[in-house]
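Q: need a structure here:
(one chain, ligands or ions: 1)
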Amino acid sequence: MEGLVSFQPFPSSVIQRRLSTVYLHRLTRSSSCAPLRAQQSGITGGSESVSSALEGKASEQEVVIYQDEVVASQGIRIRRRPLTGPPLHYVGPFEFRLQNEGNTPRNILEEIVWHKDKEVAQMKEKRPLYTLKKALETVPPPRDFIGALRSAHQRTGLPGLIAEVKKASPSRGILREDFDPVAIAQAYEKGGAACLSVLTDEKYFKGSFENLQAIREAGVKCPLLCKEFIIEAWQIYYGRSKGADAILLIASVLPDLDIKYMIKICKILGMATLVEVHDEREMDRVLAIEGVELIGINNRNLETFEVDIGITKRLLEGERGELIRQKDILVVGESGLFTPEDIAFVQEAGVKAVLVGESLVKQSDPGQGISALFGRDVSG
Ligand SMILES: O=P(O)(O)OC[C@@H](O)[C@@H](O)c1c[nH]c2ccccc12
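A: Next comes the predicted model:
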């Protein structure tokens, strides 16, 4: 039920001043992609509209509409957490807010992203970017994530494996009670995994950056993917400081310019980026972004949890598959892979790598799980 949460008369000059503050705050908020979103819609591109906002001419509603337009024009369904709560409604000289209008996450992915926004803001306070950059001077150099996948594919003739260190997920609950991340990582490496993916989200996946660091420090040689919900660049530096060699960027969460900018940062840091898509529209957006070398097709819809490995095939058909081959992009089939038949199916569709969590992590020996998954021994 919708309820009235505030109802206040405001002289219009006060409203104007407040609106421009909100606008500026959104434009300068370093923790969000708002500047990029604004840029894409031309808000920061033309100084005219910026200055009119500074003069208090843009209404808060207009700003929200601009941002929504950019996000909607790219088909991004995941909204960022509203800074100011639900939007304001104006009736004559009055403004009021309606509860649950735009301030409640619509699905699990949106909930995760909104939580991440708060979490990152807190983490950043403890470890500002300059201290992270300093820490990077003493971290061992990154390993070649894409190279490891390509050489495993060449060596075995099967897709290179990214084996996931995953304790739980919102859709499947706890996957393994006796969860020893380092032992699992070592078993994966022994079993022939080319790379590892380590979930670092604590609240929804029961992972951690400590796990990532412990695996790196235990001497595991496989390159490591930091499996995190990245919403801003600070997280990339943090992941690198904990030993990550690659990060995940989710196309349904990030606008094109954010993806482009984050890929550049990763290149500077010597890291790879796995850009994840789930439908044709996201695939087309990502194929148009310069510098993309590794694309993951997630068979799981992160909004509904539905899994369909046919998605991988669908997105690699026709011209898209052709373009991917021309650009020599490596494609990873992700989620819902359990049997040698599943692996053959996605390989036939065109993937040269796979990302597998559940079916391996549940085995008493996750390393032997790899042989069962591929139908033969791929170690050594
Ligand atoms: O456990 P599965 O079904 O094998 O899936 C692994 C991996 O693809 C999945 O964990 C995943 C893919 N993309 C993500 C994004 C966030 C969190 C998790 C994921």
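
Q: quick one: the helices in the stretch 101-250 of the chain?
A: Under the criterion DSSP state H, counting those that start in this stretch, helices of the stretch 101-250 of the chain are mapped to 108-126, 129-136, 145-156, 181-191, 209-217, 233-241.

Q: what's across from the residue in the stretch 101-250 of the chain that the ligand sits nearest to in the sheet?
A: Proximity of the stretch 101-250 of the chain to the ligand (CB to the nearest ligand atom) peaks at E164, 4.9 Å away. C-beta here means a position set from N, CA and C on the backbone, and glycine is covered the same way. With DSSP bridges applied, E164 shows beta-bridge pairing to S197.

Q: Go ahead and confirm it touches L199.
A: Yes. Checked against CB atoms under 8 Å, the pair E164 and L199 is within contact range at 7.0 Å.

Q: Looking at these two, which one has more neighbours?
A: Taking other CB atoms under 10 Å, E164 and L199 do not tie; E164 has more neighbours (29 against 24).

Q: Can you check the pLDDT for L88?
A: On pLDDT, L88 comes in at 74.

Q: Can you tell me, leaving aside adjacent residues, what's nearest to the residue in the stretch 251-380 of the chain that the ligand sits nearest to?
A: Per CB to the nearest ligand atom, G357 is where the stretch 251-380 of the chain lies closest to the ligand, at 2.9 Å. Nearest in space to G357, with sequence neighbours left out and distances taken as CB to CB, 6 or more residues apart in numbering, is E164 at 3.4 Å.

Q: cool, D365 as well?
A: The shortest distance from D365 to any non-neighbouring residue, by CB to CB, 6+ apart, is to A187 (6.2 Å).

Q: Contact partners for that neighbour?
A: D365, P366, G367 (CB atoms under 8 Å, 6 or more residues apart in numbering).

Q: I'd like those as JSON lines, with secondary structure, pLDDT and neighbour count appended.
A: Compiled in JSON lines, the contacts of A187 are given as follows (DSSP: H, G, I helix; E, B strand; the rest coil; pLDDT from 0 to 100; neighbours: other CB atoms under 10 Å):
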{"residue": "D365", "secondary structure": "coil", "pLDDT": "96", "neighbour count": "14"}
{"residue": "P366", "secondary structure": "helix", "pLDDT": "97", "neighbour count": "24"}
{"residue": "G367", "secondary structure": "helix", "pLDDT": "96", "neighbour count": "19"}
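
Q: tell me which parts of the stretch 101-250 of the chain are close to the ligand?
A: Listed as neighbours of the ligand in the stretch 101-250 of the chain under the rule CB under 6 Å from any ligand atom: E164, K166, K227.

Q: For I184, list the residues it contacts.
A: Counted by CB under 8 Å, 6+ apart, I184 has contacts V165, V361, P366.

Q: Does the first one touch A185 like I think?
A: Yes. Contact criterion CB under 8 Å: V165 and A185 qualify, at 5.6 Å.

Q: intersection of neighbour lists for the two?
A: Counting by CB under 8 Å, 6+ apart, the residues touching both V165 and A185 are L196, V198, I215.

Q: Scan these and report the most crowded one.
A: Using other CB under 10 Å as the neighbour test, the shared contacts of V165 and A185 are led by V198, with 30 neighbours.

Q: Verify the contact between that residue and K227 for me.
A: Yes. Here V198 reaches K227: they are 6.0 Å apart, a contact under CB under 8 Å.

Q: Now list whatever residues contact both of those two.
A: In terms of CB under 8 Å, 6+ apart, V198 and K227 are both contacted by the residues E164, G207.

Q: Show me which residues of stretch 107-119 are buried.
A: Within stretch 107-119, the residues scored as buried using 16 or more other CB atoms under 10 Å are I108, L109, E110, E111, I112, V113, W114, H115, K116, D117, E119.

Q: list residues touching both of E164 and L199?
A: Among the neighbours of E164, those also in contact with L199 (CB under 8 Å, 6+ apart) are K227.

Q: So which residues on the stretch 251-380 of the chain come close to the ligand?
A: E276, N298, E334, S335, G336, L337, L355, V356, G357, E358, S359.

Q: And the residues you listed, which is closest to R127?
A: Nearest to R127 among these is E276, at 25.9 Å by CB to CB.

Q: Contact partners for the residue of the stretch 251-380 of the chain closest to the ligand?
A: If you count contacts by CB under 8 Å, 6+ apart, G357 has them with A163, E164, K166, S169, L175, S197, S335.

Q: residues in contact with N298?
A: E276, V277, H278, I311, E334, S335.

Q: Which residue, other than its chain neighbours, is closest to the fourth one?
A: For I311, the nearest residue in space outside its immediate sequence neighbours is N299; the separation is 4.9 Å by CB to CB, 6+ apart.

Q: Mind putting the buried residues of stretch 107-119 into TSV with pLDDT?
A: What follows is those, written out as TSV (pLDDT from 0 to 100):
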residue	pLDDT
I108	93
L109	95
E110	93
E111	94
I112	96
V113	95
W114	93
H115	95
K116	97
D117	95
E119	97
